[in-house]
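>>> Give me a 3D structure for the following:
(chains A, B, C and D)
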There are 2 protein chains.
Amino acid sequence: MDTVKKRSDCPISCSLDVWGDKWSLLIIRDLMFAKQCTYGDFLKSGERIATNILATRLQMLEENGVIAKLSHPDSKAKVLYKLTDKGIDLLPLMVEINLWADKYFTIPAERKAMIKEAKKDKEAFIKAYTKELKRVS
Amino acid sequence: MDTVKKRSDCPISCSLDVWGDKWSLLIIRDLMFAKQCTYGDFLKSGERIATNILATRLQMLEENGVIAKLSHPDSKAKVLYKLTDKGIDLLPLMVEINLWADKYFTIPAERKAMIKEAKKDKEAFIKAYTKELKRVS
DNA sequence: TATATTTACTTGTAATATGCAAGTGGTTTA
DNA sequence: TAAACCACTTGCATATTACAAGTAAATATA
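Alright, predicted model coming up:
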């Protein structure tokens, strides 16, 4: 595929060049929740990503070292995706998005527990959850 | 303009519906750095946003309560944009993006000082800088 | 006071990206 | 051995973006 074209050297801009679209962070979210996902798992997510978009985003995120493919233990027909360390390092960002959303949107009940935990002791939560994510990867 | 169409109730998804595109966070970045910007200031930024895109993004961000217009003290021809409290609350998110980028990209020298300060004591930095942003708004 | 310039946009149009439906080719299950 | 599953690809209509040019009000200049 084609190389990512940088718009500038600004750290925000460079970051957006990697995951700054409507879908990438949702893929990363799925991987942070589920630790590992198949292609089909992503398609089943609530936001109904189109299959061609999913394919190009997965490719893009892999090229940028945010996610990695690994072979599925059960079947050669399946592919497992997981976060790399670079992807796991997006956890603090993900937490902050959740906290912002918690302040300005109505959050579904099943998501409140994690947000509450992150609010109680942010650093501790991130440390513990990072460890858990790295254990799987 | 048309209402934002939610893809799901997920906090990440809802947040992305507001600022999850290639340009919105750059607009917010400019406002966090400069505190107040005119339309022309945004156009002058390094990433060269197209004027029609800028206009629609500013409108979108204003509709979503992230930024606000105010009259320019010098001239009726000029318009000043600033962050609302909701926009200022994106500072922790912005800091985390910078920290992630600092780890994985080459950061321009002139941006390193702020990142260093944020790394030294994140909470203190956010608190102090939030205060400064609110002072202007 | 007339004219030029600045400012914040808008409009038109071509290029690109997205979204949807259907298809493909290996792999696994029955 | 056929049907079903899985991870994609392909084709095409629609939507979004990018680029260039234009507009109207406000201000600066002659």
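>>> Going along the chain, name the helices of chain A.
Taking DSSP state H as the criterion, chain A carries its helices at A:11-19, A:24-34, A:39-43, A:51-63, A:85-88, A:91-104, A:109-120, A:122-136.
>>> got the contact list for the residue most central in space within chain A?
Nearest residue to the geometric centre of chain A (C-alpha atoms, centre = their mean): residue A:28, 1.1 Å. Applying C-beta atoms under 8 Å, 6 or more residues apart in numbering or on different chains, we find residue A:28 in contact with A:19, A:61, A:66, A:67, A:83, A:87, A:90, A:94. (Each C-beta comes from the backbone N, C-alpha and C, glycine too.)
>>> rewinding a little: got a markdown table for the helices of chain A, with mean pLDDT and distance to DNA strand C too?
Below are the helices of chain A laid out as a markdown table (pLDDT from 0 to 100; distance: least, C-beta to the nearest atom of the strand, whole Å):
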| stretch | mean pLDDT | distance to DNA strand C |
| --- | --- | --- |
| helix A:11-19 | 98 | 12 |
| helix A:24-34 | 98 | 10 |
| helix A:39-43 | 98 | 10 |
| helix A:51-63 | 98 | 4 |
| helix A:85-88 | 98 | 20 |
| helix A:91-104 | 98 | 19 |
| helix A:109-120 | 98 | 23 |
| helix A:122-136 | 97 | 21 |
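>>> now those in TSV, with distance to DNA strand D?
Output for the helices of chain A, formatted as TSV (distance: least, C-beta to the nearest atom of the strand, whole Å):
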stretch	distance to DNA strand D
helix A:11-19	11
helix A:24-34	12
helix A:39-43	3
helix A:51-63	4
helix A:85-88	16
helix A:91-104	19
helix A:109-120	24
helix A:122-136	17
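>>> Mind putting those helices into a markdown table with distance to residue B:11?
Converted to a markdown table, those look like this (distance: least, C-beta to C-beta, whole Å):
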| stretch | distance to residue B:11 |
| --- | --- |
| helix A:11-19 | 16 |
| helix A:24-34 | 9 |
| helix A:39-43 | 18 |
| helix A:51-63 | 20 |
| helix A:85-88 | 19 |
| helix A:91-104 | 3 |
| helix A:109-120 | 6 |
| helix A:122-136 | 15 |
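>>> Select, out of the ones you listed, the one closest to residue B:78.
When those are compared by C-beta to C-beta, helix A:11-19 sits nearest residue B:78, at 25.3 Å.
>>> Which neighbouring elements make contact with the closest one?
Applying 3 or more C-beta pairs under 8 Å, 6 or more residues apart in numbering or on different chains; DSSP states H and E, we find helix A:11-19 packed against helix A:24-34, helix A:51-63, helix B:24-34, helix B:91-104.
>>> how about those helices in JSON lines, adding distance to residue A:7?
As requested, the helices and strands packed on helix A:11-19 are exported to JSON lines (distance: least, C-beta to C-beta, whole Å):
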{"stretch": "helix A:24-34", "distance to residue A:7": "16"}
{"stretch": "helix A:51-63", "distance to residue A:7": "16"}
{"stretch": "helix B:24-34", "distance to residue A:7": "8"}
{"stretch": "helix B:91-104", "distance to residue A:7": "13"}
